[in-house]
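S.K.: the following block contains a protein sequence and its predicted model.
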Amino acid sequence: MPFAFTLFLRFVARDVRRNWIRTLLTVFGIALGVSVYLAISIANNTAISQFKQTVSQVSGKANIELMPLSGPALPEAVLDALADYRMLGVKYTPMIDEHLVLAAQSPEQNSEIIQLIGIDMLADPDFKSYQSDANDSETEDSGKIRSEDTDSDQDSLKNLSVFSPRAVLVGGKLAQRHGFKKGDQLTIVVNDQKEKLLVAGVLGTSGIGGAYSGNVVVADIGLAQDILKWPGKVTRVDLIAPESLVPLLQAKLQEIVPSDVLVATPDTRSEQAEKMVRSFEYNLLALTFIALMVGMFLIYNTMTITILRRRPEIGILRAIGVSRRTVQNIFLWEAICLGLMGTTLGVVMGAFMADGALKAVAQTFQYFYFKVPLDKITVDPLQYAAAFAIGMGLTLIAALPPLLESTTVSPAEATRRASQESNVRRSTTPLFVVGLACLALCYFSALQPAVNNFPLFGYLAALLAIMGCSFLVPLILAKSLPVLATIFARIFGVEGRIAAVSLQGTLGRTAVACASLMIGIAMMISLAIMISSFRKTVTHWIDQSFEADLWLQSQARASGNKFGRLQESAIKAAASVEGVAAAEGFVDRSINYQGMSAFLAAADFDVLTKYGNQLFLSGESSKTVCARVVGMHAIISEPFAVRKNLKKGDSVEIDTPLGKRKFFIEDVFYDYASDLGYIIIPRDIYKQLYNDSSISNVAIYLKEGANIEKARQGILKNLGSSSLVSLSSTSELRKEAIRIFDRTFAITYALHTIAVTVAMLSIMNALFALTIESRREFAILRYIGAKKTQLAKIVYLQAAILGACGNLGGIGLGYILSLLLIHVINKQSFGWSVQYFVPYDFILQSSTLVILTSLLSGIYPARMAARTLAPSVVRDE
Amino acid sequence: MASSPSSQLLQIEAVAKTYGEHQVKALSAVSINIARGEFVSLMGASGCGKSTLLNLIAGLDTASSGRIIFDGADVTKLTDEAVTALRAKKIGFVFQFFNLLSTLTVAENVALPLELGGTTSAADRQKRVLEMLAEVGMENRLNFYPAQLSGGEMQRVAIARALVHKPELIVADEPTGNLDSENGLKVLELLKHLNKSLNQTIVMATHSEEAGAVGDRIIRMKDGLVVSDSLVQH
């Protein structure tokens, strides 16, 4: 066995085993950091890969797609332009791919969003796979579906096929969940109407039946158009072209199709989806890095303490001829072992936590970005490998300074106990200067613009702030601990002074423990400030902007289908009710603006001028701005303006079915409903351009003193009982908005709790080390008459000092990080202006909690201190 | 050596101490009486049981058998709290390696036993600390840290700390073991002076004949047994 390995086993491994509690704390700290990183990575990756998988399953073998730029659908007349390409071997098929609300099938169930896929059943087998495993249903070339459950004796069922009236195929998962089988009826909600469909068969789990995780109904394209009330319109046209022709054909087709049609590949949609969720994903990942960074401090702390504690022995080893390299290697192996244990445990924990993380972020993805079912994680070995590499890499980086320290001291110096601490004391001022420099760089970095809509410099500024504040800690502690010793001596007696001066005596590790707690708490504080500010801003925005008394929308839209519509007549139906002052129609559609998803909306600006109260960046009143929005004028939302670098007075050119149209931007309005951004134009212009008079919702303004309930009843009566609508008051709308808001930030709360947990592990670790290191002092105190309770009191006071210092630093750093999060990172990522608000009550509560937790973390070390065997410790000395 | 019971501070009766699973004997039926004001030197080679005996006297370790009566109280029967209180009030320690707290100043180190006891006022404490430091000749080093002192100075501070709460007994374990001969002699002279001027009872463990001879009485130990007990002719 090589000497270095033997030495590692005897000198390091035994010590690691002996100090198993500290080893466990460190391993668990790394594990937590790695696990949250992995869990969030898997959740993010699942969202994108599920989207890609669905794109691939729905697109099948298509390698070119025609997609609408000006709305959810394009006219199927575009197919005429493709006929000439048949002779080149190009096949094409139209398709519909749109959300649909499945009504509650029983009183115990809720309505849910499913996907309607409309395809040309005769042409489509060339494009898509319907086959599944032997146990699933299968389809014949004719499109007839056989189900194993089919009762062959029933003639009507026998003849039921996808070409039968109102008949659809149902995805396996959907059928399984609701018990649908061939011949069953299913009820859907389209806009404000309920409709019945017939189950012609159940699809298997592969091919198109597996798209959207099987939550699909597949219909012939004619039926799909009828269901959606989209006569002559399709969502896409899929083409299969010989591979060699694809680039050429793509370019050629782009010339002949209308300007609001994009010729792309199926990958384009995935790329757009990735772009759309990038900010959200990076924000989550950045939060996980905080937990990893706190974990790094834990490793640094552990390794520093180990090497510090063993310096005399290192000195002996060096004196008897062990080389620097061997010393370095044996401690490197210790770091590797800790890293391996922590990272492996972290990867295992992360794999288990991924499901929870996915559940936490799924609704946010689905609500704000795309409605792909996210119920099962996608396992990608690369993610595990990346988490492992990051865990090991950060462990080794964190261990590097103490490893270098272990070899740069001479044998004589190593045997002197105080030399390391004097090194730390000597470096407090240079570190302070470096810290100030980092903070200065942080300031300049925060002033830089986004790079391709990505707040690169914002993240850099956050990193610099963390580094800067961490470097300030040693000098601040060195100056403040003596003052604290005097104060504590007055309040807590001699134990208070000993607690403070002992911390000062071990400044190196005190500073590291404080810094790690500071970072954990800073993350908690900054996120709390950000969330509170955001919440307050959104509430204020709703209060100010949502002036209407009632909001009318279709049941389909209320159930989550953003494109559920109402007839324009609903505006009149609402406006004619007694007590209603005015009703304003609003319609929105998703568009593709310069390769980016956005919303185009239209509003009745004449009503808004009178009754609306939109908040504008210019500070101009809503009345003044809205009065100017006529003709080819528009207002845009702040996220859109930020992403596209537009401002009041600029113009925005959008693709419409009638060609490109330029709108003059009258102003930019505050909006927190979506980070994708809105362009709002006058509804009369919209109707002309899009030939669409339907509306998404109606804002109803009541006359002063009008009875809201009476008005509600009147509106519903006017709409007729067959119309399924949702009519909510502003307070109900606000509640719903806050519910969605809290759900969106649920994962953030979970992440900062984990970061603080890692930080608390760091405090415990430091207290352990401090208690072990202070054994000699405790023994002396026992000799001169200190009670066990007095020794425990010293440890508890040290825990309280560490907790309080970490907390104070955390509040300071948290304040800086919150400014960066609100004014730089989120502003550049999502484009939202957020009013700064500090939740003092939360800070007070969390500070109390941190100090209490710090005290709790002192329980075991305090017991250790109280159990100090004075004679043996002094004899060892 | 016989003393009248009323003047006796410490009675050690057939005290034995064994360690570990293998019952290694550190002390075997040791009996010693020490009178108030005596300066006793415990002598013997390393491992003879001197330090074990001192720890048992101070209640820092428990005897396997026998009794230790300190100022009328049986130390072996006292609770940990009572022994701690006894140590805090009636015993002062001087160690070979001084064992000053490096993060406290000279004055703070000396004040420590009074502060831990918590009974004296700050003013009385300060006065007493100054008195004791003056007694050991360290009154001009009040705000020095241990690292700024020589070995001899550190030991003088340690002695001041051991005396500050006016203990009945000073237990000194090899107090000159880590000092050069000149400083060692100064510390011994100081102990002798305190013994004479304050009538301070001192039990000092040492393996140095020269140091041992400073005491009034020398008890020699070997393999955990008392092998001789004699007065010193000065």
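M.R.: Perfect, I can see it now. Numbering: from 1, shown residues only, chains lettered A, B, ... in the order given.

S.K.: residues near the closest residue to A:Leu716 other than its chain neighbours, how many?
M.R.: Using Cβ to Cβ, 6 or more residues apart in numbering or on different chains and skipping the chain neighbours, the partner closest in space to A:Leu716 is A:Leu727 (6.5 Å). In short, each C-beta sits where N, CA and C put it, glycine included. By the measure other Cβ atoms under 10 Å in any protein chain shown, the count of residues near A:Leu727 is 19.

S.K.: for the helix or strand A:Leu727 falls within, name the packing helices and strands.
M.R.: Per DSSP states H and E: A:Leu727 is located in strand A:725-729. The contact analysis (3 or more Cβ pairs under 8 Å, 6 or more residues apart in numbering or on different chains; DSSP states H and E) places strand A:725-729 against strand A:550-554, helix A:555-558, helix A:708-719.

S.K.: tilt between it and strand A:550-554?
M.R.: Going by axes from the mean of the first three to the mean of the last three Cα atoms, to 10 degrees, strand A:725-729 is angled at 160 degrees with respect to strand A:550-554.

S.K.: so what does the following helix or strand past strand A:725-729 touch, helix or strand wise?
M.R.: Going down the chain from strand A:725-729, the next helix or strand is helix A:730-773, by DSSP H and E. Counting contacts by 3+ Cβ pairs under 8 Å, 6+ apart, helix A:730-773 is packed against helix A:20-59, helix A:266-309, helix A:324-364, helix A:507-545, strand A:550-554, helix A:788-820, helix A:840-857, helix A:859-866.

S.K.: related to what we said a few turns ago, direction included, what does the strand holding A:Leu727 pair up with?
M.R.: strand A:550-554 (antiparallel) (DSSP bridges).

S.K.: what is the burial count for whichever residue of the stretch 351-500 of chain A sits closest to chain B?
M.R.: Across the stretch 351-500 of chain A, the shortest distance to chain B (Cβ to the nearest Cβ) belongs to A:Val494, at 3.4 Å. A:Val494 has 24 neighbouring residues, counting by other Cβ under 10 Å.

S.K.: neighbouring contacts of stretch A:768-775?
M.R.: By Cβ atoms under 8 Å, 6 or more residues apart in numbering or on different chains, the residues outside stretch A:768-775 that reach it are A:19, A:21-22, A:25, A:301, A:305, A:308-309, A:502-503, A:506, A:509-510, A:778, A:794-795, A:798, A:860-862, A:864-865, A:868, A:873.

S.K.: run the last query once more with 6 Å
M.R.: In this structure, residues lying in contact with stretch A:768-775 by Cβ atoms under 6 Å, 6 or more residues apart in numbering or on different chains are A:Arg22, A:Ile305, A:Ser502, A:Arg509, A:Val795, A:Pro861, A:Met864, A:Ala865, A:Thr868, A:Val873.

S.K.: need the buried ones from these selected in ChimeraX.
M.R.: Buried members of the contacts of stretch A:768-775, defined by 16 or more other Cβ atoms under 10 Å in any protein chain shown, are picked up in ChimeraX with:
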select /A:22,305,502,509,795,861,864,865,868,873
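
S.K.: circling back to that earlier point, got the angle for the strand holding A:Leu727 vs helix A:708-719?
M.R.: 160 degrees.

S.K.: tell me the mean pLDDT over strand A:725-729?
M.R.: Average pLDDT, strand A:725-729: 87.

S.K.: quick one: is the strand or helix carrying B:Glu115 near chain A?
M.R.: Per DSSP H and E: B:Glu115 is located in helix B:106-117. Yes - applying Cβ under 6 Å from any Cβ of the partner chain, one finds helix B:106-117 touching chain A at B:Pro113, B:Glu115, B:Leu116.

S.K.: pLDDT wise, what is the nearest residue to the second one once chain neighbours are set aside at?
M.R.: Leaving aside its chain neighbours, B:Glu115 sits nearest to A:Val494 (3.4 Å; criterion: Cβ to Cβ, 6+ apart). Model confidence at A:Val494, expressed as pLDDT, equals 85.

S.K.: same thing with A:Ala711?
M.R.: 91.

S.K.: list the contacts for the residue nearest to it when sequence neighbours are not counted?
M.R.: Closest residue to A:Ala711 apart from its sequence neighbours, by Cβ to Cβ, 6+ apart: A:Gly579 at 4.6 Å. Going by Cβ under 6 Å, 6+ apart, A:Gly579 touches A:Leu702, A:Lys703, A:Ala706, A:Ala711.

S.K.: if any of those residues are buried, put those into a ChimeraX selection.
M.R.: The ChimeraX selection below is limited to those of the contacts of A:Gly579 classed as buried (16+ other Cβ under 10 Å):
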select /A:702,706,711
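
S.K.: can you name the two of the contacts of A:Gly579 that are farthest apart?
M.R.: Using Cβ to Cβ, the contacts of A:Gly579 span at most 9.0 Å, a distance reached by A:Lys703 and A:Ala711.

S.K.: for chain B, what's the longest helix?
M.R.: Scanning chain B for the helix with the most residues, using DSSP state H, yields helix B:181-197.

S.K.: C-alpha coordinates for it, CSV please?
M.R.: This file holds the C-alpha atoms of helix B:181-197, laid out as CSV (Å, rounded to 0.1, in the frame of the first residue of the first chain):
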residue,chain,number,x,y,z
SER,B,181,16.1,27.8,36.5
GLU,B,182,16.2,31.6,37.3
ASN,B,183,12.5,32.0,36.7
GLY,B,184,11.7,28.7,38.4
LEU,B,185,13.5,29.9,41.5
LYS,B,186,11.6,33.2,41.5
VAL,B,187,8.3,31.3,41.3
LEU,B,188,9.3,29.0,44.2
GLU,B,189,10.4,32.0,46.2
LEU,B,190,7.0,33.6,45.5
LEU,B,191,5.2,30.5,46.7
LYS,B,192,7.3,30.3,49.8
HIS,B,193,6.7,34.0,50.5
LEU,B,194,2.9,33.5,50.1
ASN,B,195,3.0,30.5,52.4
LYS,B,196,4.8,32.4,55.0
SER,B,197,3.2,35.9,54.8
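
S.K.: run a quick neighbour tally on B:Leu130.
M.R.: B:Leu130 has 14 neighbours, counted by other Cβ under 10 Å.

S.K.: for chain A, what is the nearest residue in chain B?
M.R.: Closest residue of chain B to chain A, Cβ to the nearest Cβ: B:Ala88 (2.6 Å).

S.K.: that residue and B:Gly118 touch, don't they?
M.R.: No - distance between B:Ala88 and B:Gly118: 9.4 Å, which falls outside the contact criterion (Cβ atoms under 6 Å).

S.K.: the more surrounded of the two?
M.R.: B:Ala88 (21 against 11).
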